[in-house]
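Visitor: Sequence first, predicted model second:
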Amino acid sequence: MILPDLTRRTALTGSAAALVVPALSGPSVAGVRSAGHVEMLEPGAVSQLRGLSIIRHGYWASGSNGVLYQGGRGRSLAVVRPGGAESLDFRGLHAFDADHVLAMSAGPGTASQLWRTRDGGRTWAAEVTNSDPDGFWDALVFARDGRTGYILGDPTGEGFTLLITRDGGASWSRAPQGLIPAPAAGEAAFAASNGCLALGPKGQLAFCTGGAGRARVFLSRDGRLQRFQIFETPIPAESPSQGAFALTFGPHGELWVCGGDFKAPTAKGVNLAWLAPGGEAFQAVDAPPGYLSSIATTGATVLATGLSGALASRDGGHFERLTAQPYNVARLIDRKTGVLGGPGGTVGLWRA
């Protein structure tokens with residue numbers, strides 16, 4: 001399910017100039033709290049950034065208008081727009097290292113594609129194109145081994161699409177039919193931040209949904225992808241614009257999920273929930289209100305963001321609003337530093 005700008009499966013249009021991406025040391029502070037502050041950097045491209053992958057000493061980011069770029073401390077790098085990808089919306093991203101990156105575009109049918117660079121973005125190649133006219137890819141994740149990876153797609157005639165690779169993305173196969181329970185009518189995942197699909201520390205795999213009256217999480221705990229359980233979450237999902245948008249595993253197997261209503265980003269209601277390791281029910285988490293589309297955790301630090309702004313919790317403390325500046329995606333570098341990407345190509349750096 002694609003989001004904004006802000007409709008499902010909209011045409012992906014626009015262009016971006018080759019601009020300079022600022023380093024992670026911008027001077028302006030958007031907000032200061034005990035949980036830290038966010039330094040908002042100048043936009044790097046005409047793009048809605050939704051893909052974000054942390055590398056040593058920096059990050060890769062991606063978004064609409066075929067835009068990808070690399071940033072990091074102490075340096076600025078030019079925007080990359082692979083030839084032939086100008087109309088694509090790169091919402092999924094995995095950087096194996098600074099030079100080797102796999103980018104996934106989201107869209108109906110053949111608009112869902114995988115592109116790869118092995119030379120730091122100087123050259124790119126389109127490696128895989130979705131051949132299912134009803135298919136629509138939402139998220140891309142890889143295990144730490146760099147070989148096992150998954151692509152989640154919206155339901156087609158066979159149910160949810162789950163593609164699996166064991167060779168670093170060179171080849172993909174669809175998960176066996178019947179492995180994932182059937183979706184409810186109108187249920188789908190949200191391609192909001194490459195966050196609707198997550199891998200756990202012991203090979204657990206989970207994805208979250210909305211748009212069908214219930215915000216649910218599908219979870220395989222066994223590490224071998226033999227069985228999925230379904231969990232209801234307390235996040236509202238009465239309309240197609242509501243539901244669970246992103247999730248992430250904590251270090252002990254706990255599972256965080258966030259969401260809300262992208263058409264009413266400041267609305268009140270549960271926007272964050274938590275499932276204990278081995279637990280059987282998600283519990284609502286007290287947090288500042290507003291739509292959240294991305295969540296990340298490292299150790300006892302949790303960082304979440306959306307069009308309502310960014311939130312953080314450290315060492316098990318209360319969630320505090322860091323800034324009201326809208327962002328789409330958040331990733332943590334460590335327990336005290338994170339990167340955010342958002343509308344207009346904006347990048348933010350969170351520091352505790």
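Guide: Okay, I see it.
Visitor: for the stretch 1-150 of the chain, which spans come out with low pLDDT?
Guide: Where the stretch 1-150 of the chain drops to pLDDT under 70, the residues are 1-34, 42-43, 73-78.
Visitor: Now do the strands in it.
Guide: Counting by DSSP state E, counting those that start in this stretch, one finds strands in the stretch 1-150 of the chain at the ranges 29-33, 36-40, 49-55, 58-63, 68-72, 90-95, 101-105, 113-117, 125-129, 137-142, 149-156.
Visitor: Mean neighbour count and distance to Cys258 for those strands - can I get that in a markdown table?
Guide: Using the backbone N, CA and C atoms, a C-beta is placed for each residue, glycine as well. As requested, these are exported to a markdown table (neighbours: other C-beta atoms under 10 Å; distance: least, C-beta to C-beta, whole Å):
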| stretch | mean neighbour count | distance to Cys258 |
| --- | --- | --- |
| strand 29-33 | 14 | 19 |
| strand 36-40 | 21 | 17 |
| strand 49-55 | 25 | 15 |
| strand 58-63 | 27 | 20 |
| strand 68-72 | 23 | 24 |
| strand 90-95 | 26 | 17 |
| strand 101-105 | 27 | 21 |
| strand 113-117 | 21 | 26 |
| strand 125-129 | 14 | 29 |
| strand 137-142 | 24 | 14 |
| strand 149-156 | 22 | 17 |
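Visitor: Make a markdown table out of the ones you listed and add distance to Val347.
Guide: Shown next, in a markdown table, are the strands of the stretch 1-150 of the chain (distance: least, C-beta to C-beta, whole Å):
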| stretch | distance to Val347 |
| --- | --- |
| strand 29-33 | 12 |
| strand 36-40 | 8 |
| strand 49-55 | 7 |
| strand 58-63 | 7 |
| strand 68-72 | 6 |
| strand 90-95 | 14 |
| strand 101-105 | 17 |
| strand 113-117 | 20 |
| strand 125-129 | 26 |
| strand 137-142 | 20 |
| strand 149-156 | 25 |
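Visitor: right, and Ala281 touches Phe231 too?
Guide: Yes. Using C-beta atoms under 8 Å, Ala281 is in contact with Phe231, at 7.2 Å.
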